[in-house]
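**Q** Next come a sequence and a model predicted from it.
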Amino acid sequence: MDQQGAPDRNLALEAVRATEAAAISAARFMGAGDERSADEAAVAAMHDSLGRFDVDGTVRIGESNGEGDGKLYIGERVGTGSGPKADVALVALEGKSIVARGGYNATSVLAMAEEGGFLTVPDIYMEKLAVGPALAAAEIDLDKTPAENLAAIAEVKGVAVADIVACLLDRPRHAQLTAKIREAGARVQLILDGDVSGVIATGLPESAVDVYMGIGGAQQGVLAAAALRGLGGDMQGRLVIRNADDGDKVRKAGVEDPDRTYELAEMARGHVTFAATGVTQGTMLNGVRLLPGGAVTHSMVMRSRTGTFRFIEGHHDFTWSSQG
């Protein structure tokens, strides 16, 4: 980190190494129909990699709330402890069901920020609305109707609403939203899993996605916000409380106003580094290619301090460590 606490370039590369390790381990279970083993392999590999980080890190968005014997739980200290303080947000394997069935767009994601940089949210749902940098000037608002937001996006882009593509998870809960998007005249791209990838797609020039809408995991929303900070997009999020259990989780997390709409900079503050590696083939990242004695990975890394993002192809030689 620099004097203001920003993760430096070396830590950005370390973040990629962690997602690469998790992706390679998970990819070995592609199509095996075993979600649990794929997820456990990714978590173990990322945990081992994070243990070698030269940071004094604390997991703020993680794999569990710390109950039981799990790894990468919220509140766990990671890193060597000898470096700068940093908050860590991660999903070792986003799309474990994707890997189990050999589908598309499974990734491993990790973000780092200055201490206190990530919004603390419980493991419940969040309503999300996100656009990329080219449309950041659009006056999007979760309190507006889908038609109003789509019209605002189309106006900034200088096209008809019919030319706008909205991405959302293919879930029964989105039936009404999907109908409203289509009624407004926009096109729809439904994805089976991986809403972090869906949000990121809005910020990539080569992507056909203009806006991400809908309800997904709140913790994944914070990770998506971290990615958009590096891409220069815009995003809003609002917690969704479905029942008393969700309400209890919100209170335990210390959320004072559960109805509040969070802006991008509130969800991921300060200098943020984000890394993602493809596990299976996707529209954003290539999946892991396992080779005799090695593997090839495809990753991206973004740093909000510089506003840059890079794609990295990693060639891994598993026999290297065995060479004297």
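**A** Yep, that arrived.
**Q** For the helix or strand hosting residue 168, enumerate the helices and strands it packs against.
**A** Assessed by DSSP states H and E, residue 168 sits inside strand 165-169. Using 3 or more C-beta pairs under 8 Å, 6 or more residues apart in numbering; DSSP states H and E as the contact criterion, the neighbours of strand 165-169 among helices and strands are helix 175-184, strand 187-191, helix 195-201, strand 211-217. C-betas here are computed from N, CA, C, even on glycine.
**Q** Indicate each strand paired with it and its parallel or antiparallel sense.
**A** Each strand paired with strand 165-169, and its direction, by DSSP bridges: strand 187-191 (parallel), strand 211-217 (parallel).
**Q** isn't residue 57 right up against residue 82?
**A** No. The pair formed by residue 57 and residue 82 falls short of the contact definition of C-beta atoms under 8 Å, at 11.2 Å.
**Q** and the strand holding residue 168, C-alpha only, in CSV?
**A** What follows is the C-alpha trace of strand 165-169 in CSV, where atoms were taken according to Å, rounded to 0.1, in the frame of the first residue of the first chain:
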residue,chain,number,x,y,z
VAL,A,165,-29.6,-5.1,-23.2
ALA,A,166,-30.5,-5.8,-19.5
CYS,A,167,-28.8,-8.7,-17.8
LEU,A,168,-30.4,-10.5,-14.8
LEU,A,169,-30.4,-13.9,-13.1
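**Q** still on that earlier bit, for residue 57 and residue 82, indicate the residue with more neighbours.
**A** residue 57 (24 against 9; other C-beta atoms under 10 Å).
**Q** Residues touching stretch 173-191, excluding its own?
**A** Stretch 173-191 has contacts (C-beta atoms under 8 Å, 6 or more residues apart in numbering) with 105, 145-147, 150-151, 160-170, 197-198, 208-209, 213-215.
**Q** swap the cut-off to 6 Å and go again
**A** Judged by C-beta atoms under 6 Å, 6 or more residues apart in numbering, the contacts made with stretch 173-191 from elsewhere in the structure are 146-147, 150, 161-162, 164-170, 198, 214-215.
**Q** Could you work out the most separated pair of those?
**A** 162 and 215 (24.9 Å; C-beta to C-beta).
**Q** re the thing from before, ranking the strands paired with strand 165-169 by burial, who's on top?
**A** For the strands paired with strand 165-169, the stretch with the most neighbours on average is strand 211-217, a mean of 25; neighbours defined as mean count of other C-beta atoms under 10 Å.
**Q** avg pLDDT for the next helix or strand after that one?
**A** Toward the C-terminus, strand 211-217 is succeeded by helix 218-231 as the next helix or strand (DSSP H and E). In this model, helix 218-231 carries a mean pLDDT of 92.
**Q** Just the residues contacting helix 218-231, thanks.
**A** Outside helix 218-231, the residues within contact range by C-beta under 6 Å, 6+ apart are 61, 89, 109, 111, 118-119, 121, 124, 126, 128, 133, 195-196, 199-200, 203, 235, 237, 239, 264, 267-268, 272, 274, 302-304, 309.
**Q** So which of the residues you listed sit within strands?
**A** Judged by DSSP state E, strands contain the following of the contacts of helix 218-231: 61, 89, 109, 111, 126, 128, 235, 237, 239, 272, 274, 302-303, 309.
**Q** any weak-confidence spans in the stretch 151-300 of the chain?
**A** When residues are selected by pLDDT under 70, none of them lie in the stretch 151-300 of the chain.
**Q** please redo it, this time with the cut-off set to 80
**A** In the predicted model, the stretch 151-300 of the chain carries pLDDT under 80 at residues 205.
**Q** The stretch 1-150 of the chain: helices as residue ranges?
**A** For the stretch 1-150 of the chain, applying DSSP state H, counting those that start in this stretch gives helices covering 9-27, 35-50, 96-101, 146-157.
**Q** export the last one as PDB, just CAs?
**A** Think helix 146-157. Included here for helix 146-157 are C-alpha records, laid out as PDB according to Å, rounded to 0.1, in the frame of the first residue of the first chain:
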ATOM      1  CA  PRO A 146     -37.500  -0.400 -14.900                       C
ATOM      2  CA  ALA A 147     -38.900   1.600 -17.900                       C
ATOM      3  CA  GLU A 148     -37.700   4.900 -16.400                       C
ATOM      4  CA  ASN A 149     -34.200   3.500 -15.800                       C
ATOM      5  CA  LEU A 150     -34.000   2.000 -19.300                       C
ATOM      6  CA  ALA A 151     -35.100   5.300 -20.800                       C
ATOM      7  CA  ALA A 152     -32.400   7.200 -18.900                       C
ATOM      8  CA  ILE A 153     -29.800   4.700 -20.100                       C
ATOM      9  CA  ALA A 154     -31.000   4.900 -23.700                       C
ATOM     10  CA  GLU A 155     -30.800   8.700 -23.600                       C
ATOM     11  CA  VAL A 156     -27.200   8.800 -22.400                       C
ATOM     12  CA  LYS A 157     -26.200   6.100 -24.900                       C
END
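**Q** Good, wrapping up.
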